[in-house]
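*Asks:* only geometry, no sequence info:
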C-alpha cells in the first residue's frame, strides 16, 4: 500500500469499524439503534480533536443514504447553505449538512439555520471541541441532540494501529509504539500522521525517529473555554478535597498549557476564603502574598510560589461557613422586604447607641430588629476558637 494520507485511508467506513465511543456505537447503544432505524436528527457532536466526530457523521450519511455536504464554520457562507437547501427542495432525500467547528458560527449564522432545522429541510450535524452549553445559542441546542465524544484510550489507539499493520508491512519497536500512542493523546488522526511520516523515512520505526518528528506529547492548551474551565475546576476541587498531589498535577497541566500565573493565583485567593475561611485565616494571607509575588516575578519561578501556596491550602482545615453565610444573607435581602434599621444605630438616634468599649468590650444591644441567623460555624480549625471567643465576649 502506498504510504500516503493514512488518516484518510484508514478512516472507518461503518459504525462497526469506529474505535472508541462505545456509548454511541456499541450494539444496543441508543444512538446506534436510532441510526439503524434511520431516525438520526439534528445533532451536535462535541469532544476532543481526532476522536471520530467527522467520521461518524460520514457513516450516518452512508447508512441513511443521504447526500453529504461538509463545511467549515470558519469560512462558511450563508448563501452556500441556502443553495444546498434549494437544490434538494423537491427531493425525497434530504441533505446531511456537516458543519465542523460549529461553535465558530456567529449568532446570525446560527439563526439562519433555525428555520430549515425546524422544517426538517436538512439534517444538520455540527462538530465542536467546545461545550455546546457555552458556545451555541439556545435555539440551536433546543433543536439538536447533544452527543459527547471522549478521548480514545490507549487500547482504542492500539486497535487502530493493528488495522494499519494488517495493511502495511512495517516494524515498530515497543518503546516507539508506546510513544506513538501516548504522545498522540487520544487523537487517532495525529497518531496516523506521525506514523505516516516515520514510515516515509524507514519501514522500521524507532523511538528516536518519532521524537525527532514530535519532540513532545500533544497538549490541548487552554485556548478552549471548556478545557480552560475543566483544568482550573479540577485543580480547585482537588485542593478543596485536600488531595495535594492531584492539585499539583492540575497546576502543572495549567502551567504547561500556558495559563497565566496571575489567573491561577487569583483562583487560589478565592479558594482560600471560600473553602478554608476562618478554619485557617492565614490561608488568605498566604494566597494574597502569592498573588502579589507572582505578578512581580512571573514564570518559571512563579511555579514554586504557586506550588507552595497550593500545598498549604490543600493541607489546611476546610470551612465554607463564611461563604454560605453571605449567600444566605444575600438571598434573604433579595426575597424579603428590607428591615428598618434600629433607630439607635442611625445618626438621628446616636445618643441612644451604647458604645461597647464603655462596657468592657460588649453590651447587650439590638442590632437588627428581628432574630435572624445566617452564620453557622463549622467548628473546624480556628473557627472553633472564634466560637469560644464569641461565647466569652457575650458572657461578659
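*Replies:* Cool, the structure landed. Note that the structure is predicted; figures quoted are calculated from it, not measured.
*Asks:* count of residues packed around the nearest residue to residue 16 once chain neighbours are set aside?
*Replies:* Closest residue to residue 16 apart from its sequence neighbours, by Cβ to Cβ, 6 or more residues apart in numbering: residue 25 at 7.8 Å. C-beta: built from backbone N, CA, C; applies to glycine. Using other Cβ atoms under 10 Å, residue 25 is surrounded by 21 other residues.
*Asks:* And for residue 310?
*Replies:* Neighbours of residue 310 (other Cβ under 10 Å): 23.
*Asks:* now swap in residue 283 and tell me
*Replies:* Neighbours of residue 283 using other Cβ under 10 Å come to 27.
*Asks:* Now it: which helix or strand?
*Replies:* helix 282-297 (DSSP states H and E).
*Asks:* Same question for residue 127.
*Replies:* Going by DSSP H and E, residue 127 is part of strand 123-128.
*Asks:* So which other helices or strands are in contact with that strand?
*Replies:* strand 43-46, helix 53-63, strand 96-100, helix 107-118 (3 or more Cβ pairs under 8 Å, 6 or more residues apart in numbering; DSSP states H and E).
*Asks:* Mind listing the strands it pairs with, and their directions?
*Replies:* strand 43-46 (parallel), strand 96-100 (parallel) (DSSP bridges).
*Asks:* Adding distance to residue 214, mean neighbour count and mean pLDDT as columns, could you present the ones you listed in a markdown table?
*Replies:* As requested, these are exported to a markdown table (distance: least, Cβ to Cβ, whole Å; neighbours: other Cβ atoms under 10 Å; pLDDT from 0 to 100):
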| stretch | distance to residue 214 | mean neighbour count | mean pLDDT |
| --- | --- | --- | --- |
| strand 43-46 | 26 | 24 | 92 |
| strand 96-100 | 24 | 24 | 93 |
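*Asks:* Mind checking those strands for the one nearest to residue 6?
*Replies:* strand 96-100 (20.2 Å; Cβ to Cβ).
*Asks:* Taking helix 107-118 as reference, get the angle to that closest one.
*Replies:* 150 degrees (axes from the mean of the first three to the mean of the last three Cα atoms, to 10 degrees).
*Asks:* mind checking pLDDT for residue 395?
*Replies:* On the pLDDT scale, residue 395 is placed at 78.
*Asks:* got it, and residue 36?
*Replies:* pLDDT, residue 36: 92.
*Asks:* Looking at the strands paired with strand 123-128, which is nearest to residue 296?
*Replies:* Using Cβ to Cβ, those put strand 43-46 closest to residue 296, at 39.4 Å.
*Asks:* Residue 391: how many residues sit nearby?
*Replies:* 9.
*Asks:* Out of the helices and strands packed on strand 123-128, which gets nearest to residue 335?
*Replies:* For residue 335, the closest of the helices and strands packed on strand 123-128 is helix 107-118, at 33.5 Å, according to Cβ to Cβ.
*Asks:* What are the buried residues along that closest one?
*Replies:* 109, 110, 112, 113, 116, 117 (16 or more other Cβ atoms under 10 Å).
*Asks:* Return the list of helices and strands in contact with that helix.
*Replies:* Going by 3+ Cβ pairs under 8 Å, 6+ apart, helix 107-118 lies up against helix 78-87, strand 123-128, helix 138-142.
*Asks:* Of the ones you listed, flag the one that's most buried.
*Replies:* Greatest average neighbour count among those goes to strand 123-128 (a mean of 25), per mean count of other Cβ atoms under 10 Å.
*Asks:* moving C-terminal of that strand, what's the next helix or strand?
*Replies:* Next along the chain after strand 123-128, taking DSSP H and E as the criterion, comes helix 132-135.
*Asks:* contacts for that following helix?
*Replies:* Helix 132-135 is contacted by residues 44, 46, 103, 126, 128, 140, 141, 144, 146, 225, 226 when judged by Cβ atoms under 8 Å, 6 or more residues apart in numbering.
*Asks:* Nearest to residue 311 among the helices and strands packed on strand 123-128 would be which one?
*Replies:* Per Cβ to Cβ, nearest to residue 311 of the helices and strands packed on strand 123-128: strand 43-46, 34.8 Å.
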